[in-house]
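>>> What follows is a predicted structure for the sequence shown.
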Amino acid sequence: MSRFHFHLDVEREAGALERVLGLVRRRGLDLERFDVSIADPRTWRVAVLGRLPVADADLLLRQFTSLTNVRLARLEEE
């Protein structure tokens, strides 16, 4: 398993963070850190750090991108 850092811009709406965490749980990411900060009045900046198989990282990135409240998602391998 490799370590990955996902960076997300998420709309500040009820349930948005729960959807992100639900996806983390369903994909089986070994979560090491989950940070949330306010980017602007309408957006959270979310950083997710964890381990998962390399083959699953791109899938998780595509699934983050498909969430309705995620404006931007990018991935860095550590």
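Cool, got the structure. None of these values were measured; they are calculated from a predicted model. Residues are numbered from 1 along each chain as shown.

>>> ok, residue 7 touching residue 76?
Yes: contact criterion Cβ atoms under 8 Å: residue 7 and residue 76 qualify, at 7.3 Å. All C-beta atoms are positioned from the backbone trio N, CA, C, and that covers glycine.

>>> Got phi/psi on residue 43?
phi -140, psi 140 (degrees, to the nearest 10).

>>> how deep is the residue nearest to it when sequence neighbours are not counted tucked in, by neighbour count?
Excluding the flanking residues, the one nearest residue 43 by Cβ to Cβ, 6 or more residues apart in numbering is residue 9, at 5.4 Å. Residues contacting residue 9 under the criterion other Cβ atoms under 10 Å number 17.

>>> Then residue 19 would be within a helix, right?
Yes: checked against DSSP: H, G, I helix; E, B strand; the rest coil, residue 19 lies within a helix.

>>> Need the nearest residue in space to it, chain neighbours excluded.
Nearest to residue 19 is residue 67, by Cβ to Cβ, 6+ apart, at 5.4 Å.
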